[in-house]
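Chemist: Below is the sequence, then the predicted model.
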Number of protein chains: 2
Amino acid sequence: MSESDTRQRILDAAEALFMEHGFEATTLRRITSSAKVNLAAVNYHFGSKDALIKELFRRRLTWLNEQRLAALARLEAEAGDAPLKPSRILEAFFGVAVTMATDSAGGGQTFMRLLGRTYTEPSAFVRNFLAEEYSEAVARFKTALVKALPDVPREEIYWRFHFMLGAMSYAISGADALNIIAGTPLAEDDGGLLYARLMTFLLGGLRAPLPSTAATNSKATTHSPPRTPRAPRTASSKS
Amino acid sequence: MSESDTRQRILDAAEALFMEHGFEATTLRRITSSAKVNLAAVNYHFGSKDALIKELFRRRLTWLNEQRLAALARLEAEAGDAPLKPSRILEAFFGVAVTMATDSAGGGQTFMRLLGRTYTEPSAFVRNFLAEEYSEAVARFKTALVKALPDVPREEIYWRFHFMLGAMSYAISGADALNIIAGTPLAEDDGGLLYARLMTFLLGGLRAPLPSTAATNSKATTHSPPRTPRAPRTASSKS
DNA sequence: AACTGTTTCAAACAACTGTTTCAATTCTAC
DNA sequence: GTAGAATTGAAACAGTTGTTTGAAACAGTT
């Protein structure tokens, strides 16, 4: 075989375990025993646990963002000079992700759940790595959105993109977190329905009317946070 | 005086460190040395690290949800039998959270960022604890939304609530994650503007037209995920 | 056959984890 | 002041972590 089969077994096992227990809680011993390889194999093939994590993201994430960029390029080619429809841009960015997230057979589902959670990972090196890996795709989509929505201030678009990423992250993080909301577990439907749900929600948010205080700090009263008493730093702790 | 000051110092230090490095990566030794107390104090006052985490959430989260429920009850009281406006319901739920999240002085900001991330925490005991702590508030707001939006299927509301939580989580997780998007760091503005931005986005998403395939599986073509080739499980790994 | 570089294996390494122990100290009430 | 409780302190505990080691097994070439 061209590439050691041990590498693949380690990567697959690590992906599943990281997804289930997080990075720090997943030990090399659990990974290697789940992959049925020797403990030292990880350091032999990848150098360290951190390098394993990076490699794990690389093999999926670069592919994902290439797909996104290709979809965007396709849109721009067939639109010529005309501005793109915002819905098409969102489809290019989030459609690929959701497709990957609902590919339960190939392990994409596992990975996308992991990715969604990792976005807010505290670990510095993971965040830096993600930023680097995402930079090109995000920049391209940002400018596409700015061009497609000439009436929306640039900062507003960035924030809404940020919000959309949060919604998607929760969407693909699956029913695990959702069951906190719905007392009774919801039927986990196939990807098509989830995608339609997410897409209409995102589009509604993206096309929402601008907040009245977005550009200028007028004295509009709408949508200012309701006044609440200060949060207690000392709550009744014992009885 | 009534309650040991050591407890408070531990809780405050732990909150900040958990926020910055996560639960597993934060050791008791770092917590106690940051709080300038003895290592054994954690186990003496709280019993275990897990119990410390629970207590840390309890002192903020119960207060937060009480505020939410009080705001909702106020709305229902002044509306009588009339259905509530969805925007008011969202304000009651998310307004309190954002207010707490932008209270940088009292430590609420730190806590809310921690909470947003914890929502998708893999650790089982944290998730179970959160579900228990949230159950009442979420149930009340769910039924309020269902009553306020009689034309929207119940499942659709749950999912949109889920999406909204994701957007809020990213909103309060702050510019750390946002800077991955905006190459140049955005000006971190005060809470009022962030709240207005989030609120318009959420309302736009909540009031979006229903996905065409929501209730019945008609053969609508809109919003089905674009076809993409299968994600590679084996990517070019070496060269 | 013998020699090559690569991969696997069991064992050990030092460092760090949450938790206990028990004496020393401080606080509280009589 | 003194007895008794509550709290702190330094040190040690047993267990786990990522990583390293050096010998053994394997592959391919001449």
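Modeler: Right, received. Where do you want to start?

Chemist: The least confident helix or strand in chain A by mean pLDDT: what's the following helix or strand?
Modeler: Comparing every helix and strand of chain A by mean pLDDT, DSSP states H and E singles out helix A:175-181 as the least confident one, with a mean of 65. Once helix A:175-181 ends, the next helix or strand along the chain (criterion: DSSP states H and E) is helix A:191-206.

Chemist: Can you pull up the most central residue in chain A?
Modeler: Chain A has A:G116 as the residue nearest its centroid, 3.7 Å off, counting by C-alpha atoms, centre = their mean.

Chemist: Could you list the buried residues of the helix or strand A:E66 falls within?
Modeler: The secondary structure element spanning A:E66 is helix A:49-79 (assigned by DSSP H and E). Along helix A:49-79, the positions that meet the burial threshold by neighbour count (16 or more other C-beta atoms under 10 Å in any protein chain shown) are A:49, A:52-57, A:59-61, A:63-65, A:67-69, A:71-72, A:75-76. Quick note: C-beta positions are derived from backbone N, CA and C, even for glycine.

Chemist: where's A:S34 relative to chain B, distance?
Modeler: Taken as C-beta to the nearest C-beta, to the nearest Å, the spacing of A:S34 relative to chain B amounts to 16 Å.

Chemist: Per-residue pLDDT of that residue, please?
Modeler: Predicted confidence (pLDDT) at A:S34: the value is 97.

Chemist: number of nearby residues for the residue lying closest to A:L69 once chain neighbours are set aside?
Modeler: In space, and not counting its chain neighbours, A:L69 is closest to A:A137: 5.6 Å by C-beta to C-beta, 6 or more residues apart in numbering or on different chains. Neighbour count of A:A137, defined by other C-beta atoms under 10 Å in any protein chain shown: 19.

Chemist: Let me know the pLDDT of A:A137.
Modeler: A:A137 is assigned a predicted lDDT (pLDDT) of 92.

Chemist: before we move on, what about A:G80?
Modeler: Model confidence at A:G80 (pLDDT) stands at 88.

Chemist: residues contacting it?
Modeler: For A:G80, the contact set (C-beta atoms under 8 Å, 6 or more residues apart in numbering or on different chains) is empty.

Chemist: Run a quick neighbour tally on the residue nearest to A:L61 when sequence neighbours are not counted.
Modeler: Nearest residue to A:L61, sequence neighbours excluded (C-beta to C-beta, 6+ apart): A:E133, at 5.1 Å. The burial count assigned to A:E133 is 18, neighbours taken as other C-beta under 10 Å.

Chemist: distance of A:Q109 from A:A70?
Modeler: Taking C-beta to C-beta, to the nearest Å as the criterion, A:Q109 is separated from A:A70 by 22 Å.

Chemist: Could I get the full set of helices for chain A?
Modeler: Counting by DSSP state H, chain A has these helices, from start to end: A:5-21, A:28-35, A:40-45, A:49-79, A:86-90, A:96-101, A:108-118, A:124-148, A:154-172, A:175-181, A:191-206.

Chemist: and the fourth one with helix A:124-148, angle?
Modeler: What that stands for is helix A:49-79. With axes from the mean of the first three to the mean of the last three C-alpha atoms, to 10 degrees as the criterion, the two stretches helix A:49-79 and helix A:124-148 enclose an angle of 10 degrees.

Chemist: Over to the last one?
Modeler: In this structure, helix A:191-206 runs at an angle of 70 degrees to helix A:124-148, with the same axes, to 10 degrees as the basis.

Chemist: I'd like the mean pLDDT over helix A:191-206, please.
Modeler: Over the span of helix A:191-206, the pLDDT mean works out to 91.

Chemist: With the shortest one instead?
Modeler: Average pLDDT, helix A:86-90: 96.

Chemist: gap between it and the chain center?
Modeler: Centroid displacement of helix A:86-90 relative to its chain, using C-alpha atoms, centre = their mean, to the nearest Å, is 17 Å.

Chemist: touching chain B at all, that helix?
Modeler: No. In this structure, helix A:86-90 remains apart from chain B according to C-beta under 8 Å from any C-beta of the partner chain; the gap is never smaller than 8.6 Å.

Chemist: Report all helices and strands that that helix contacts.
Modeler: In terms of contacts (3 or more C-beta pairs under 8 Å, 6 or more residues apart in numbering or on different chains; DSSP states H and E), helix A:86-90 is packed against helix A:49-79, helix A:124-148, helix A:191-206.

Chemist: so who does the nearest residue to A:N38 once chain neighbours are set aside touch?
Modeler: Nearest non-adjacent residue to A:N38, counting by C-beta to C-beta, 6+ apart: A:T32, 6.4 Å away. Contact partners of A:T32, counting by C-beta under 8 Å, 6+ apart, are A:I10, A:A13, A:N38, A:L39, A:A41, A:V42.

Chemist: Quick check: which ranges of chain A have low pLDDT?
Modeler: Across chain A, the ranges flagged by pLDDT under 70 are A:1-3, A:174-191, A:213-239.
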